[in-house]
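Engineer: give me coordinates for this.
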Amino acid sequence: MTRPLFTRLTLAATALTVSVPGLLVPTPVAAQNVPAPTLTIYGSQKCPTDANGNEIVVCVRRPPGEQFRIPKELRELEVTPQNESWAAKAQANDKVGVEGIGSCSNVGAGGATGCLAQRGQQYKREKQAAKADQRAVDRALE
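Structural biologist: Next up, the predicted model:
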């Protein structure tokens, strides 16, 4: 009794694959979520294609002066503790334990004057970073 059921299922599966051939056709690369590669070209270079012009190639055009430079994506590096230079780290540690005038400490005469200078320098760095971020946004919108 199980043998005729197995035979019927096999025949049904065979009929389905024969009657619907579209199920077995491989899908194109674009439908498989494979990103189309982009090519960076400089100046008046032409975007390459096949001899008949049937192939589509996505090209990004940049000025010719950028050809031998490090790409913009890699140039704009924000300094974080992971990539800060040892010289900057050593300079930051030079003022540890300093007391007196210009030190921003509660020990010694004039220690508070250093706090004002540190806040001013911090404010200047924040404003410069904000300006740089705004310039980046403006360049992205152009």
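
Engineer: give me the low-pLDDT residue ranges for this protein?
Structural biologist: Within the chain, the ranges that satisfy pLDDT under 70 run 1-36.

Engineer: ranges for the strands of the protein?
Structural biologist: Using DSSP state E, the strands of the chain run over residues 38-42, 58-62.

Engineer: need those strands in CSV with mean neighbour count, can you?
Structural biologist: Just so you know, the C-beta spots here come from the backbone N, C-alpha and C atoms, and that holds for glycine as well. Conversion of the strands of the chain to CSV gives the following (neighbours: other Cβ atoms under 10 Å):
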stretch, mean neighbour count
strand 38-42, 13
strand 58-62, 12
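
Engineer: want to throw those strands into CSV with distance to residue 138?
Structural biologist: Below are the strands of the chain laid out as CSV (distance: least, Cβ to Cβ, whole Å):
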stretch, distance to residue 138
strand 38-42, 22
strand 58-62, 18
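
Engineer: for residue 130, find the nearest of these.
Structural biologist: strand 58-62 (27.1 Å; Cβ to Cβ).

Engineer: what's that closest one in contact with?
Structural biologist: The contact list for strand 58-62, computed with Cβ atoms under 8 Å, 6 or more residues apart in numbering, reads 36-42, 47.

Engineer: mind putting these into a markdown table with distance to residue 137?
Structural biologist: As requested, those are exported to a markdown table (distance: Cβ to Cβ, whole Å):
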| residue | distance to residue 137 |
| --- | --- |
| 36 | 27 |
| 37 | 28 |
| 38 | 23 |
| 39 | 27 |
| 40 | 23 |
| 41 | 26 |
| 42 | 25 |
| 47 | 28 |
